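Asker: here is a sequence together with a model predicted from it:
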Amino acid sequence: MNMASNDKSKFRGFFRSFSYAAEGIKHGAIQERNMRFHICSGIAAVLLAYFFSITKTEWLVILIAIGGMFALELMNSAVERVVDMVTSEFHPLAKQAKDLAAGAVLVYALFCALIGIIIFWPYIYQLF
């Protein structure tokens, strides 16, 4: 195998990994109810941000919160799948793993809601 074909193979493998990631995101958006909720919430936040013409810094905070929520929800789903794959029987550690992952999502979602209140409340208040 020459050097050029080895580089092409690495290049293809690199881009193939993006297609796997896109497949995971697609699966999460289609199959996971909570992910769909977070997508709708993210869209609502972006629409509010656009409507209120928030600052660049506020945009950055909102986008980081949305991206983090999507990533964490996907990780939660991955933990659930791995636990389900390892055991179909009830096991206290399996339950703990799922509960911990779900708890992480809840904590982040509450902080995202707080971020939304802190950023959007002054704009909403000005309307009245």
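Answerer: Noted; the coordinates are in hand. Not measured: the values here are computed from a predicted model.
Asker: now residue 90, what's its secondary structure?
Answerer: Judged by DSSP: H, G, I helix; E, B strand; the rest coil, the three-state class of residue 90 is coil.
Asker: same for the worst-scoring helix or strand of the chain on mean pLDDT, what does it pack against?
Answerer: Least confident element among the helices and strands of the chain, by mean pLDDT, DSSP states H and E: helix 3-31 (a mean of 85). Using 3 or more C-beta pairs under 8 Å, 6 or more residues apart in numbering; DSSP states H and E, the elements in contact with helix 3-31 are helix 33-52, helix 56-86. In this view, the C-beta of every residue, glycine as well, is placed from N, C-alpha and C.
Asker: so which of those is nearest residue 122?
Answerer: helix 33-52 (9.1 Å; C-beta to C-beta).
Asker: go through the closest one and flag the buried ones.
Answerer: Under the neighbour-count criterion of 16 or more other C-beta atoms under 10 Å, helix 33-52 has 35, 38, 39, 41, 42, 45, 48, 49, 52 buried.
Asker: who's in contact with the second one?
Answerer: Under the criterion of C-beta atoms under 8 Å, 6 or more residues apart in numbering, the contact partners of residue 38 comprise 69, 70, 73, 109.
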